[in-house]
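Engineer: Show me how the following folds:
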Amino acid sequence: MKAAANLAEKLATFTDQFSPRTVATYNNNDIMVAKLEGSFHWHKHDETDDFFLVLKGTLDIELRDRTITLKPGEVFVVPKGIEHRPVARGEVHILLIEPTGTPNTGDKATAAPRILA
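Structural biologist: Okay, the predicted model is just below:
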């Protein structure tokens, strides 16, 4: 990185939902911001955990046996191989950390492309 990344400024540059933007890389991981609204589909990541940090709004992480509710400043990690579905109550801003190249849907064929913010 050549300069600090302001997450609020990065989030203000786009309106797409469920389309993460990479703001930095760290040890072969992408640090991304995304806007969510409504529900994503059920999916899992066989090779990696899924990290969620809520910056704004309220996000439910539905698991098959329970729901985890996250508010601003709260973090949850879905273990690899566990089916889950993020459900945003209104517009939610999140920070994600994933190994570079990890498909957000768990399937490369349906994944959103990686976009630099």
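Engineer: quick one, strands of this structure?
Structural biologist: Remark: strands assigned in the chain by DSSP state E are 21-26, 29-39, 50-63, 67-70, 75-78, 84-99, 115-116.
Engineer: what pLDDT does residue 8 get?
Structural biologist: The predicted structure scores residue 8 at 96 on the pLDDT scale.
Engineer: do residue 98 as well
Structural biologist: Among the per-residue scores, residue 98 shows a pLDDT of 90.
Engineer: ok, now residue 105?
Structural biologist: On pLDDT, residue 105 comes in at 56.
Engineer: oh, and call the first residue 35 from now on, that's how I've got it
Structural biologist: All set: I'll call the first residue 35, so the last point we hit is now residue 139.
Engineer: isn't residue 104 right next to residue 86, touching?
Structural biologist: Yes: distance between residue 104 and residue 86: 6.4 Å, which falls inside the contact criterion (Cβ atoms under 8 Å). For glycine as for every other residue, the C-beta is placed from the backbone atoms N, C-alpha and C.
Engineer: Settle it for me: which of these two has more neighbours?
Structural biologist: Comparing residue 104 with residue 86 by neighbour count (other Cβ atoms under 10 Å), the higher total belongs to residue 86, at 22 against 19.
Engineer: Just give the closest residue to the more buried one, not the sequence neighbours.
Structural biologist: With Cβ to Cβ, 6 or more residues apart in numbering as the criterion, residue 86 has its nearest non-adjacent residue at 5.3 Å, and that residue is residue 110.
Engineer: swap in residue 131?
Structural biologist: When the adjacent residues along the chain are set aside, residue 131 lies closest to residue 85, with 4.5 Å between them (Cβ to Cβ, 6+ apart).
Engineer: ok, the residue nearest to residue 86 - how many residues close by?
Structural biologist: Other residues within reach of residue 110 by the criterion other Cβ under 10 Å amount to 16.
Engineer: from memory it sits against residue 101, does it?
Structural biologist: No: distance between residue 110 and residue 101: 10.7 Å, which falls outside the contact criterion (Cβ under 8 Å).
Engineer: Report the set of residues contacting both of these two.
Structural biologist: Common contact partners of residue 110 and residue 101 (Cβ atoms under 8 Å, 6 or more residues apart in numbering): residue 95.
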